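In: Output the structure for:
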Amino acid sequence: MLAGPRSTSVGENRDKANPPKITTHAQPNRPLPPPRSGFVQQGARANDPIRHARCLRTGRAGWGRGSSLTLAVVVTMKHFTFLWSLLAFALCGCSDATRPPAKFSQQLSTADRLEVTNRYFAFGTTITGADVSSLTTAVKSATKKTAGTNLDWMSPSSWEVVFYAGTNRLADIPICHGIFKLEGVEYNDGTGFAEQFWKKLEEDRIR
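Out: Modelled structure (predicted):
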């Protein structure tokens with residue numbers, strides 16, 4: 001017995017007319033990995049090769065190696081400036097301490113003559129004029145002696161120099177080999193005049 005044609009149901013006809021739709025979902029774009037140089041670039045200029053080269057050179061595009069180095073340099077400079085300020089302050093403070101007391105500069109500023117004597121010899125002299133001003137300047141600009149042993153101020157080479165302003169006795173300052181003694185402290189003359197002055201006294205005494 002031969003089979004006749006297969007009849008189709010109404011549901012099957014409907015499925016063939018309207019086949020099921022297959023919906024596909026597009027995969028979202030994955031973000032690109034950040035540049036390997038260590039800098040983060042954003043915006044439309046991220047792919048600009050010129051800007052990228054500048055970032056590598058200046059380190060201003062992010063906290064990469066260049067920025068870290070710049071920060072380290074800034075911190076180092078701040079520390080250096082602070083230490084330099086302390087050193088300058090210390091030098092300024094010490095420079096005044098190496099000079100004779102300020103009262104001597106004030107007292108000697110009005111001196112107009114010198115009376116020079118030596119305790120071991122019957123010799124004395126009065127000095128006026130430019131030598132008074134020169135010796136006064138030498139005393140004011142002298143610096144504290146820091147090397148060598150102390151001199152023997154009781155020796156015949158020590159001379160007593162008395163500064164006068166009219167009849168006013170301003171200061172008594174001994175001098176020996178171009179070195180002054182003020183309030184028990186020895187000072188070196190930086191002008192060289194004190195050494196010449198002392199040698200002249202020694203020559204006049206011997207004559």
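
In: how about low-confidence regions in the protein?
Out: Scanning the chain for pLDDT under 70 picks out 1-96.

In: Strands of the chain, start to end?
Out: 113-118, 123-128, 143-144, 159-165, 168-176, 179-182, 185-188 (DSSP state E).

In: As CSV, these with distance to Pro100 and mean neighbour count would be great.
Out: C-beta coordinates here come from the backbone N, C-alpha and C atoms, glycine included. Below are these laid out as CSV (distance: least, CB to CB, whole Å; neighbours: other CB atoms under 10 Å):
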stretch, distance to Pro100, mean neighbour count
strand 113-118, 17, 17
strand 123-128, 20, 12
strand 143-144, 8, 13
strand 159-165, 13, 18
strand 168-176, 9, 17
strand 179-182, 5, 20
strand 185-188, 6, 18
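
In: Any chance of CSV for these, columns distance to Lys200?
Out: What follows is the strands of the chain, written out as CSV (distance: least, CB to CB, whole Å):
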stretch, distance to Lys200
strand 113-118, 10
strand 123-128, 10
strand 143-144, 23
strand 159-165, 10
strand 168-176, 11
strand 179-182, 16
strand 185-188, 19
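
In: Which one of the ones you listed lies nearest to Arg205?
Out: Nearest to Arg205 among these is strand 123-128; the distance by CB to CB comes to 5.2 Å.

In: Return the set of residues that bridge with Asp172.
Out: With DSSP bridges applied, Asp172 shows beta-bridge pairing to Val162.

In: these two touch, right, it and Tyr164?
Out: No: judged on CB atoms under 8 Å, Asp172 makes no contact with Tyr164 at a distance of 10.6 Å.

In: ok so, going back, who wins for proximity to Ala102 among the strands of the chain?
Out: Among the strands of the chain, strand 179-182 comes nearest to Ala102, with 11.6 Å by CB to CB.

In: partners of that closest one, with directions?
Out: strand 168-176 (antiparallel), strand 185-188 (antiparallel).

In: Just the CA trace of the longest one, in PDB.
Out: The reference is to strand 168-176. Output of strand 168-176 as PDB, limited to C-alpha atoms (Å, rounded to 0.1, in the frame of the first residue of the first chain):
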ATOM      1  CA  ASN A 168      90.800 112.200  77.000                       C
ATOM      2  CA  ARG A 169      92.500 108.900  77.300                       C
ATOM      3  CA  LEU A 170      90.500 106.600  75.100                       C
ATOM      4  CA  ALA A 171      92.300 103.100  75.200                       C
ATOM      5  CA  ASP A 172      95.500 101.400  76.100                       C
ATOM      6  CA  ILE A 173      96.500  98.800  73.500                       C
ATOM      7  CA  PRO A 174      99.800  96.900  73.600                       C
ATOM      8  CA  ILE A 175     101.300  95.900  70.300                       C
ATOM      9  CA  CYS A 176     104.000  93.300  69.600                       C
END
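
In: tally of neighbours for Gly190?
Out: For Gly190, the neighbour count with other CB atoms under 10 Å is 11.

In: what sits against it?
Out: Ala138, Ser141, Ala142, Thr143 (CB atoms under 8 Å, 6 or more residues apart in numbering).

In: Could you do His177 as well?
Out: Neighbour list for His177: Leu151, Ser157, Glu195, Trp198 [criterion: CB under 8 Å, 6+ apart].
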